[in-house]
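Engineer: here is the input, now give the coordinates:
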Amino acid sequence: MGRMNSRVSNLRVEDANGLGMTVGPGEGNWSVDPMSYGNTAKQRVDDRGRFDCHVETTDLEQAWSIDTRMKIESITSAVSARLQDFLLKQGTFSAAVSVSSNPNIWAFVVKYTMTLGGVTTDYELPHNLADFSFSEAIDGHTVSLSGTNNGAVLIDGVAQTTN
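Structural biologist: Residues are numbered from 1 along each chain as shown. Coordinates of the predicted model:
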């Protein structure tokens, strides 16, 4: 049996209209916080000190992160897609449209796709805010992205929501 890994995976960031860019295949350290049925936290309810049931409470928020190696390119460009430009909504992406209902907040969609042997699995995080940092190293410079998703995660196109 084959296994999914970073060599068969990529991350895509998109604005509300699908304008975006693909990141990867990459370093192989994509991580995302827990998801659950309904994308909500569940709280235990007791009746006179005995378990009675669970109730849904707050929607879950997924923090995520990934490191990417920096390509031989300038940090910003008016004609080429640069990761930093997307995250800062500048250059090629200056006209990008936020998925946030607040037009002053730059939020976007994150799609993570794994494909191996004709099998594809997709995770779509619908409402993300993100930051990036930069580090220098002898074997290659790294741009580290860290973000937070709010909204029901789609797995293979199906929202993880309750009935």
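Engineer: Glu14 against Glu124, yeah?
Structural biologist: No. The pair Glu14 / Glu124 is not scored as a contact, 9.5 Å apart, by C-beta atoms under 8 Å. Just so you know, the C-beta spots here come from the backbone N, C-alpha and C atoms, and that holds for glycine as well.
Engineer: tell me, what's touching these two both at once?
Structural biologist: Taking C-beta atoms under 8 Å, 6 or more residues apart in numbering as the criterion, Glu14 and Glu124 both touch Val109, Lys111.
Engineer: tell me where this protein has strands.
Structural biologist: 9-14, 20-23, 31-32, 40-47, 50-59, 61-69, 108-116, 119-135, 142-150, 154-155, 158-159 (DSSP state E).
Engineer: low-scoring stretches of this structure, by residue?
Structural biologist: Scanning the chain for pLDDT under 70 picks out the ranges 1-6, 24-28, 70-81, 160-163.
Engineer: which residues pair with the residue nearest to Arg12 when sequence neighbours are not counted across the strands?
Structural biologist: In space, Arg12 comes closest to Lys111 once its chain neighbours are excluded; the distance is 4.3 Å by C-beta to C-beta, 6 or more residues apart in numbering. Lys111 has these beta-bridge partners by DSSP bridges: Arg12, Glu124.
Engineer: just to revisit the earlier point, okay, the strands of the chain in TSV with mean neighbour count and distance to Val99 next?
Structural biologist: TSV is the format used below for the strands of the chain (neighbours: other C-beta atoms under 10 Å; distance: least, C-beta to C-beta, whole Å):
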stretch	mean neighbour count	distance to Val99
strand 9-14	19	9
strand 20-23	16	11
strand 31-32	14	17
strand 40-47	12	20
strand 50-59	10	16
strand 61-69	17	15
strand 108-116	19	6
strand 119-135	16	6
strand 142-150	19	10
strand 154-155	15	13
strand 158-159	12	15
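Engineer: out of those, which is closest to Ser100?
Structural biologist: strand 119-135 (7.0 Å; C-beta to C-beta).
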